[in-house]
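Novice: can't give you the sequence, but here's the structure:
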């Protein structure tokens, strides 16, 4: 017989809201001034009783009209009960801001929910830094800035903001959408010449080649001169070549969502490649699908913060001597990269390299990557591409130095992929 347990849903005053540092240490943060909330309007009501009693009353969730709430679970909370309360919170417009999975104190763990505003969307547990909010802001009041862990998050200029809440409306972390169907799966290996410039089976290269041959505009991730990664557009083979190969760093979408919208309004056809969260951000920004847009999402491990790679470079190299970096230099081996120097030298790095060890040990992953809402089926893009690591165990006869998995997630993606793969 299990002793009755107590679950608490607590409304927290906006000016005494609990926030979390990068080390998981709770600290009080005064947010009333930043949020424009009158500190005198404090919410102090606390609801504490058994979960079954709360559910019988049916008043606890409805009463949560404050700015934020804290939902604490005891260790013997039934999963179906906690999920029921989560669904009610989400149904009332609350968004998960923080989740303590380490059970502190040991007998309880808790989650913090808030109503999303333009000032806290970047604090959300699932915020990926996709940049949809920045692209949507009609006053250019949002910039993407590094948070304390080095990840890109939206930062709002309160002086420019008019509280239109359009940034909240397009956020895929707040309103995730899964519109695609069950995918059709293919194994793909391009010709030898294409494979030379590709990380795995050359799927992206062939999709981009098809798009360029028909006058499309291609978007993808490229290295910048500062060794950061941006999403950029290209209409030439040289431009597309910079988008090939793996990049383990979080990329900045900049204002490419706006650029895509302008392209589509002008009648241009577009191939847009990015991480699943970035494709979700583009779809949220556009608001509707277009027959002239084909999206490709990447099966990723996770995206490391740009600042961690910058620190790695500063601690190990004279940046002025570097000319480039190439992750996955050795095909079929994920834990390696090569550094290239302006004097022509090349330095191979293996799994013992500090950045490789940190990345593949998942020490650089943020929560939104660890518990990604988009690493699932249905996928976000019309097409999904990645490494097909297991194929050789299933089809040992495949003798190819690199093999891609391609998921066609809808009819538009299937048609485009088959046309690009013709003759391969």
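Specialist: That came through, no problem. Since the model is a prediction, treat every value here as computed from it, not as a measurement.

Novice: What sits closest to residue 342 if chain neighbours are left out?
Specialist: Nearest residue to residue 342, sequence neighbours excluded (Cβ to Cβ, 6 or more residues apart in numbering): residue 323, at 4.7 Å. C-beta here means a position set from N, CA and C on the backbone, and glycine is covered the same way.

Novice: for residue 307, same thing?
Specialist: In this structure, residue 307 finds its nearest non-sequential neighbour in residue 150, 3.2 Å apart by Cβ to Cβ, 6+ apart.

Novice: Specify the local secondary structure of the residue nearest to residue 342.
Specialist: The local conformation at residue 323, judged by DSSP: H, G, I helix; E, B strand; the rest coil, is strand.

Novice: Just to check, it is in contact with residue 340?
Specialist: Yes. With contact defined as Cβ atoms under 8 Å, residue 323 counts as touching residue 340 (4.9 Å).

Novice: out of those two, which sits in the busier spot?
Specialist: Using other Cβ atoms under 10 Å, the more surrounded residue of residue 323 and residue 340 is residue 340, with 15 against 12.

Novice: What sits closest to that one if chain neighbours are left out?
Specialist: Distances taken as Cβ to Cβ, 6+ apart put residue 324 closest to residue 340, at 4.2 Å, once the chain neighbours are dropped.

Novice: so how far is residue 82 from that neighbour?
Specialist: Going from residue 324 to residue 82 by Cβ to Cβ, to the nearest Å gives 49 Å.

Novice: the more surrounded of the two?
Specialist: Per other Cβ under 10 Å, whichever of residue 324 and residue 82 has more neighbours is residue 82, with 17 against 12.

Novice: which residues does residue 184 contact?
Specialist: Contacts for residue 184 (Cβ atoms under 8 Å, 6 or more residues apart in numbering) come out as 407-408, 414.

Novice: Now render the residues you listed as JSON lines, adding secondary structure, neighbour count and distance to residue 250.
Specialist: Formatted as JSON lines, the contacts of residue 184 follow (DSSP: H, G, I helix; E, B strand; the rest coil; neighbours: other Cβ atoms under 10 Å; distance: Cβ to Cβ, whole Å):
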{"residue": "407", "secondary structure": "strand", "neighbour count": "24", "distance to residue 250": "23"}
{"residue": "408", "secondary structure": "strand", "neighbour count": "23", "distance to residue 250": "27"}
{"residue": "414", "secondary structure": "helix", "neighbour count": "18", "distance to residue 250": "30"}
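
Novice: which residues are contacting whichever strand or helix holds residue 418?
Specialist: Assessed by DSSP states H and E, residue 418 sits inside helix 411-420. Applying Cβ under 8 Å, 6+ apart, the set of residues contacting helix 411-420 from outside is 184, 186, 206-207, 209-211, 291, 294, 381-383, 406, 408.

Novice: Please list only the buried members of these.
Specialist: Neighbour counting by 16 or more other Cβ atoms under 10 Å classes 186, 206-207, 209-211, 294, 381-383, 406, 408 among those as buried.

Novice: sorry, back to before: what's the pLDDT at the residue nearest to residue 342?
Specialist: Note on residue 323: pLDDT of 96.

Novice: The stretch 151-300 of the chain: strands as residue ranges?
Specialist: For the stretch 151-300 of the chain, the strands defined by DSSP state E, counting those that start in this stretch cover 152-156, 184-188, 217-223, 229-234, 270-274, 293-298.

Novice: The fourth one vs strand 217-223, what angle?
Specialist: Note on geometry: by axes from the mean of the first three to the mean of the last three Cα atoms, to 10 degrees, strand 229-234 and strand 217-223 are set 150 degrees apart in direction.

Novice: Strand 229-234 - what's its average pLDDT?
Specialist: Mean pLDDT, computed over strand 229-234, is 98.

Novice: Check which helices and strands that strand sits against.
Specialist: Helices and strands touching strand 229-234, by 3 or more Cβ pairs under 8 Å, 6 or more residues apart in numbering; DSSP states H and E, are strand 217-223, helix 237-241, helix 256-265.

Novice: Which strands and helices lie in contact with the second one?
Specialist: Right, helix 237-241. With contacts defined as 3+ Cβ pairs under 8 Å, 6+ apart, helix 237-241 has these neighbours: helix 203-213, strand 217-223, strand 229-234.

Novice: The ones you listed into TSV, with extra columns for distance to residue 90?
Specialist: Output for those, formatted as TSV (distance: least, Cβ to Cβ, whole Å):
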stretch	distance to residue 90
helix 203-213	35
strand 217-223	32
strand 229-234	30
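
Novice: For residue 376, which of those is the nearest?
Specialist: For residue 376, the closest of the helices and strands packed on helix 237-241 is helix 203-213, at 20.2 Å, according to Cβ to Cβ.

Novice: Please work out the angle formed by the directions of that closest one and strand 229-234.
Specialist: Here helix 203-213 runs at an angle of 30 degrees relative to strand 229-234 (the same axes, to 10 degrees).

Novice: Sweet, I'm off.
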